[in-house]
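Visitor: Next come a sequence and a model predicted from it.
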Amino acid sequence: MDLYEIEGKKLLKEFGIPTDEGFLYTGDPADERIKYPCVLKAQVLSGKRGKAGGVKVVRDRAELEKTAAEISALTIGGKRVEAVLVAPFMDIAREHYLGITLDPLNRKRILLYSACGGMDIEQLAQEDASKLVRMDVTEGLDAEYLSESTAQQLADIAARLYKLFIERDATTAEINPIAESSDGRLTAADSKVVVDSSALYRQPDLTVIPRPELNELEKDADELKIGYVEVDEGGNVGLVVIGAGLGMATLDTAIHYGLRPYDFTDLGSKLSEDRRQAGGPEPGDKGDTLQRFRRDVQHSRDG
């Protein structure tokens, strides 16, 4: 499960990582917690919010009301903005990137660091791989181009982020950027945390923003133990794959050739003839449901 920025920051704070504390805009411009200038940030489960107009600095009440309304109406990466975060305006002298994720090829966790925080980290890695440091989490963080104080702070944040990663069953935990102020202090100015959905039963109190109820397709998929995700509500093609690895490759290929996937359906790598025909491990089990599910996926959004 992907967490919104405000939810990820809540976890960062829980594990002792300094963050720029913010709060959700209630629609009341007279809220005493609002101090100008401040930053309004779209709470949406999609990247590239800044480029889409989802992150803006406001300097007075009139600008706040106008900008909050504009951001609330946005759709970014096919996802509607669910809320607006009010964050303090920060004096940023430098930005860093720090993340922990899984390396499926080598079957281990890796620590990622870049002194070019705030940028699209995937694009950065493609353009100049030397700007993104990859290391085993047991190696720690020791970069010669960092001041001793900055290196120590980053090492502490990395250790706390790793603790969060393990204890909260995360598959990804990123801070981009870590803002370095003119006096050298480091603060997490954003967050991206993804928690393993199969471990949610032991991870209470993660959400701040309510999740919408499952639609009919999602309910059918959940009942049949089939992976199903709506990718882009403006998409024009549905993807049906067998196995997550092949699925990600298919998704990337479709986007590369100009298609816009609406949804993504993973029938599972252990697909059997009975399951393919009937929708369950036993012949005839939930056949009508799967037939409807297939039809709806294939014709999703009339694509």
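Guide: It's in.

Visitor: got the residue ranges for the helices in this structure?
Guide: Here the chain has its helices, by DSSP state H, at 5-14, 61-72, 121-127, 148-167, 216-223, 244-256, 273-278, 287-298.

Visitor: tell me which residues of the third one are tucked away?
Guide: For helix 121-127, the neighbour count (16 or more other Cβ atoms under 10 Å) marks 121, 124 as buried. Every residue, glycine included, has its C-beta placed from N, CA and C.

Visitor: Quick one: list the elements packing against it.
Guide: Helix 121-127 is packed against strand 108-114, with contacts defined by 3 or more Cβ pairs under 8 Å, 6 or more residues apart in numbering; DSSP states H and E.

Visitor: Who are the packing partners of the strand it packs on?
Guide: strand 94-103, helix 121-127, strand 133-136, helix 148-167.

Visitor: can you list these in TSV and add mean pLDDT?
Guide: Output for the helices and strands packed on strand 108-114, formatted as TSV (pLDDT from 0 to 100):
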stretch	mean pLDDT
strand 94-103	92
helix 121-127	73
strand 133-136	81
helix 148-167	92
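
Visitor: which of the ones you listed is buried the deepest?
Guide: Stretch with highest mean neighbour count among the helices and strands packed on strand 108-114: strand 94-103 (a mean of 19; mean count of other Cβ atoms under 10 Å).

Visitor: Stretch 232-246 - what's its average pLDDT?
Guide: Averaged across stretch 232-246, the pLDDT comes to 79.

Visitor: Kindly format the C-alpha coordinates of it as CSV.
Guide: Taking Å, rounded to 0.1, in the frame of the first residue of the first chain, the C-alpha atoms of stretch 232-246 are listed here in CSV:
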residue,chain,number,x,y,z
ASP,A,232,-4.7,5.7,-14.9
GLU,A,233,-8.4,6.6,-15.0
GLY,A,234,-7.8,8.3,-18.4
GLY,A,235,-6.1,5.2,-19.8
ASN,A,236,-7.3,3.3,-22.9
VAL,A,237,-6.0,-0.2,-22.6
GLY,A,238,-6.3,-3.0,-19.9
LEU,A,239,-3.3,-5.2,-19.1
VAL,A,240,-3.8,-8.9,-18.1
VAL,A,241,-0.5,-10.6,-17.2
ILE,A,242,0.8,-13.7,-15.4
GLY,A,243,3.4,-12.7,-12.8
ALA,A,244,4.4,-9.3,-11.4
GLY,A,245,7.8,-9.3,-13.2
LEU,A,246,6.3,-9.8,-16.6
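
Visitor: Thank you, goodbye.
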